[in-house]
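S.K.: next one to model:
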Amino acid sequence: MSPALAQRIAAGEVVERPGSVLRELVENALDAGARSIRATVAGAGLDLIEVSDDGQGIAPDELALAFSRHATSKILSEHDLDAIQTLGFRGEALSAIAAVATVEATSATSSGQAGARIVLREGEVREEGRRARAPGTTIRVLDLFAGLPVRRSFLPNPRAERAHLLSLIRLYALARPMVRFSLTVDGKEVFHCAGLGEPSALAAVYADQAARLTPLGTHTLSQGQVHGYLGDPGLTRGNRDGLSLVLNGRWIRPKGWLSALESAYQAILPHGRHPVTALYIDIDPSLVDVNLHPAKLEVRVRGDEEWRMELGALIRERLGNSLTPAALLANPLDRPRQRTLPTPRRSLREGGPDYGEELNFASMRVLGQVFHTAILAEAGNILYLVDQHRADERALYEVLATQENVVASQELLEPIRFEAKDRDLEIIEARLPELAGLGFRVERFGRRTFLVRSQPTGLPEGTAAALRESLAGSVDEGPNWRERLVVDLACRAAIKRGTALTDQEMLTILERLQRCASRTQCPHGSPIVAVVRAEDLARHFKWP
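M.R.: Numbers count the residues shown, from 1 in each chain. Now for the predicted structure:
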């Protein structure tokens, strides 16, 4: 195999698509200390990708060397790999790009020396010379994959590639909010971030939706710090693109960490939807291994599981701050019922989970029960169908989810007995203190037998029996077991479909649902409410 052929094969490990080129060039600019980065793209990146920065530049006598394989000034010894603090470190990016495209590079340092220019095609130097330039570097990549027509044929369509390029720049703007970014596509500027800090970056990336991101504050975890912004439950997407995670200035996509973030939102999101967050984590670089994949999106962190558990617990706590179990447990009929409801601004069919802020279940007039499954109520010119099981499940979940270590319990008249599987005995034994924190006093009674002696005050009588069913089944061993247990308990203890309800019981369900932070989805993300408007009926029956 010739060196030229080997180089083109190796280039495929780094340059998979135009976005790979843009990523490598932007990371080099950031590592060079750039405060302003301008990217220009034409032909979805196949015709042109240009990145210009105001970083420290490359000395004229080192410009050609920068395009050699494994040439880097970022790693000097093998010990540097133990605490990588730069975005790039392998030193093969420029060489790989030059192997599959025509590359023009112009660079100058801040030392006042004249700049230099170099042109490479298929990895070979074709031109070299001097070129005046302000301190910094400009690299133009032309005719990407022109010599590899098969590679071009497998690329995404141009629209998808342009969207990918824009997404990359947005992510870098979030990761480095003090750097000015711009992206011009086919002669039109499609993105600009002023580089004035995190609020500026959030406004540039999320536009009007930035107002729906709440500061998390700065929190110290076991081995570092985290701060950032959490989207409200109504701000969701159909994929994980809204989950932005920045570790030591590097945006990453570790699946385990993303799953931990989503788990914290699980009970308040519709099924199939994903939250929007921007989180910044700072850890000692010696605890992080980024040398796992050419794209450097996956990382390995020492104590990874503990970190994920801490992060998930922190986000659940912040999301749950608006929940008030005391209010949920209070008798909802002690206060006067309102009789009016402002006309909602939009339909549940359009609104999504944030519509719950406009619903006022306490003001509704109960008309009856449908199929012993749903509560039929009216307010204003709207009919509401409320799933009785999911509504009760949501209210129970919010009580249990906000319980802390000091919870009032009520003794059961007779303890509830259950036998656990042999493999679950030690797990349940270890979790007895945390179950007590939820309000359940559980004791070991024999080798495989446990007794549930109390349950949280104010919850239905069947809650203790629901705990027995959960623990006698397959015990969850995952890091988020408490969250999943609470969801399971709420589902098991809630009023079942097919149960006949009195008017008083239906009113109680609606009033307790009104006190919930999220009123339109059950903890599993399924809808609770459906609406029929007067105009819908008029349209259906063709009323004048």
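S.K.: hey, which strand is longest across this structure?
M.R.: When the chain is parsed with DSSP state E, its longest strand is strand 409-419.
S.K.: for that strand, which outside residues touch it?
M.R.: 439-441, 445, 448-457, 464-465, 467-468, 471-472 (C-beta atoms under 8 Å, 6 or more residues apart in numbering). For the C-beta atoms, the positions are set from N, CA and C on the backbone; glycine is no exception.
S.K.: list only those of the residues you listed flagged as buried.
M.R.: Buried by 16 or more other C-beta atoms under 10 Å: 439-441, 450-456, 464-465, 467-468, 471-472, out of the contacts of strand 409-419.
S.K.: show me those that map onto strands.
M.R.: Counted as lying in strands by DSSP E, out of those, are 441, 450-456.
S.K.: residue 375 should be in a helix, yeah?
M.R.: No - using DSSP: H, G, I helix; E, B strand; the rest coil, the assignment for residue 375 is strand, not a helix.
S.K.: picking that back up, neighbouring strands - and their directions - for the longest strand of the chain?
M.R.: Paired with strand 409-419 in the same sheet, following DSSP bridges, are strand 449-456 (antiparallel).
S.K.: give me the contacts around the strand it pairs with.
M.R.: Strand 449-456 is contacted from outside by 399-400, 403, 407-412, 415-420, 428, 438-445, 463-464, 467-468, 471, using C-beta under 8 Å, 6+ apart.
S.K.: select only the buried ones of those residues in ChimeraX?
M.R.: Buried members of the contacts of strand 449-456, defined by 16+ other C-beta under 10 Å, are picked up in ChimeraX with:
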select :399,400,403,407,409,412,415,416,418,420,428,438,439,440,441,442,463,464,467,468,471
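S.K.: now the phi/psi pair for the most centrally placed residue in the chain, please.
M.R.: By C-alpha atoms, centre = their mean, the chain has its centre lying nearest to residue 243, at 2.9 Å. With angles defined as degrees, to the nearest 10, residue 243 sits at phi -90, psi 100.
S.K.: ok so, going back, could you identify the most distant pair in the ones in strands among the buried ones among the contacts of strand 409-419?
M.R.: Spanning the widest gap among those are 450 and 456, at 17.6 Å by C-beta to C-beta.
S.K.: low-confidence ranges in this protein?
M.R.: Within the chain, the segments meeting pLDDT under 70 span 1-14, 70-86, 88-91, 111-112, 267, 270-271, 290-298, 320-358, 403-407, 473-480.
S.K.: max-length helix in it?
M.R.: helix 158-175 (DSSP state H).
S.K.: that one packs against which elements?
M.R.: Here helix 158-175 is seen to pack against helix 18-31, strand 36-42, strand 180-185, strand 188-193, helix 198-206, strand 243-247, strand 250-252 when contacts are counted using 3 or more C-beta pairs under 8 Å, 6 or more residues apart in numbering; DSSP states H and E.
S.K.: do that again at 7 Å, thanks
M.R.: Packing contacts for helix 158-175, counted by 3 or more C-beta pairs under 7 Å, 6 or more residues apart in numbering; DSSP states H and E, involve helix 18-31, strand 180-185, strand 188-193, helix 198-206, strand 243-247, strand 250-252.
S.K.: may I have that helix as PDB, with CA atoms only?
M.R.: What follows is helix 158-175, C-alpha atoms only, in PDB (Å, rounded to 0.1, in the frame of the first residue of the first chain):
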ATOM      1  CA  PRO A 158     -27.300  19.100   1.300                       C
ATOM      2  CA  ARG A 159     -30.100  20.400   3.500                       C
ATOM      3  CA  ALA A 160     -29.300  17.900   6.300                       C
ATOM      4  CA  GLU A 161     -25.600  18.700   6.000                       C
ATOM      5  CA  ARG A 162     -26.200  22.500   6.300                       C
ATOM      6  CA  ALA A 163     -28.400  21.900   9.400                       C
ATOM      7  CA  HIS A 164     -25.600  19.800  10.900                       C
ATOM      8  CA  LEU A 165     -23.000  22.500  10.300                       C
ATOM      9  CA  LEU A 166     -25.200  25.100  11.900                       C
ATOM     10  CA  SER A 167     -25.800  22.800  14.900                       C
ATOM     11  CA  LEU A 168     -22.100  22.400  15.300                       C
ATOM     12  CA  ILE A 169     -21.500  26.200  15.500                       C
ATOM     13  CA  ARG A 170     -24.300  26.600  17.900                       C
ATOM     14  CA  LEU A 171     -22.800  24.000  20.200                       C
ATOM     15  CA  TYR A 172     -19.400  25.700  20.200                       C
ATOM     16  CA  ALA A 173     -21.100  29.000  20.900                       C
ATOM     17  CA  LEU A 174     -22.700  27.400  24.000                       C
ATOM     18  CA  ALA A 175     -19.500  25.700  25.000                       C
END
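S.K.: adjust the sequence numbering to begin at 48 for everything that follows.
M.R.: Renumbered: residue one is now 48, and that last one reads helix 205-222.
S.K.: give me the buried positions along that helix.
M.R.: Buried residues in helix 205-222 (16+ other C-beta under 10 Å): 208-209, 211-213, 215-222.
S.K.: dump these into CSV; add distance to residue 151 as well.
M.R.: Shown next, in CSV, are these (distance: C-beta to C-beta, whole Å):
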residue, distance to residue 151
208, 22
209, 22
211, 23
212, 19
213, 24
215, 21
216, 21
217, 26
218, 26
219, 22
220, 26
221, 30
222, 27
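S.K.: and which of the residues you listed is nearest to residue 269?
M.R.: Set against residue 269, the nearest of those by C-beta to C-beta is residue 222 (23.1 Å).
S.K.: in contact with that closest one, which residues?
M.R.: 293, 296-298 (C-beta atoms under 7 Å, 6 or more residues apart in numbering).
S.K.: if you set the cut-off to 10 Å instead, what comes out?
M.R.: By C-beta atoms under 10 Å, 6 or more residues apart in numbering, the contact list for residue 222 reads 77, 134, 248, 291-299, 325, 327.
S.K.: same thing with residue 311?
M.R.: Here residue 311 is in contact with 277, 322, 324, 358-367, 527, 530 (C-beta under 10 Å, 6+ apart).
S.K.: and these, which of them are in helices?
M.R.: 358-366, 530.
S.K.: and those, which are buried?
M.R.: When those are checked against 16+ other C-beta under 10 Å, the ones flagged as buried are 358-363, 365-366, 530.
S.K.: and for residue 472, the neighbour number?
M.R.: By the criterion of other C-beta atoms under 10 Å, residue 472 has 16 neighbours.
S.K.: again, but for residue 253
M.R.: 21.
S.K.: just give the nearest non-adjacent residue to it, would you?
M.R.: Closest residue in space to residue 253, ignoring its immediate chain neighbours: residue 260 at 6.7 Å, by C-beta to C-beta, 6 or more residues apart in numbering.
S.K.: how deep is the one you found tucked in, by neighbour count?
M.R.: Residue 260 has 22 nearby residues by other C-beta under 10 Å.
S.K.: ok, the one 4 residues further on next?
M.R.: Other residues near residue 264 number 10, with proximity taken as other C-beta under 10 Å.
S.K.: doesn't residue 275 make contact with it?
M.R.: Yes - when contacts are counted by C-beta atoms under 10 Å, residue 264 is listed as touching residue 275 (9.0 Å).
S.K.: and residue 176, what does it touch?
M.R.: 107, 153, 162-166.
S.K.: of the residues you listed, closest to residue 538?
M.R.: residue 153 (63.4 Å).
S.K.: bridged to the closest one, which residues?
M.R.: Bridge pairing for residue 153 - DSSP bridges - gives residue 164, residue 185.
S.K.: that one against residue 184, yeah?
M.R.: Yes - here residue 153 reaches residue 184: they are 7.2 Å apart, a contact under C-beta under 10 Å.
S.K.: doesn't residue 274 make contact with residue 262?
M.R.: Yes - judged on C-beta under 10 Å, residue 262 makes contact with residue 274 at a distance of 7.8 Å.
S.K.: joint contacts of these two?
M.R.: Common contacts of residue 262 and residue 274 (C-beta under 10 Å, 6+ apart): residue 245.
S.K.: next, the contact list for residue 236, please.
M.R.: 85, 87, 229-230.
S.K.: just put those residues in CSV and tack on neighbour count and distance to residue 332.
M.R.: Converted to CSV, those look like this (neighbours: other C-beta atoms under 10 Å; distance: C-beta to C-beta, whole Å):
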residue, neighbour count, distance to residue 332
85, 19, 29
87, 18, 33
229, 19, 30
230, 25, 29
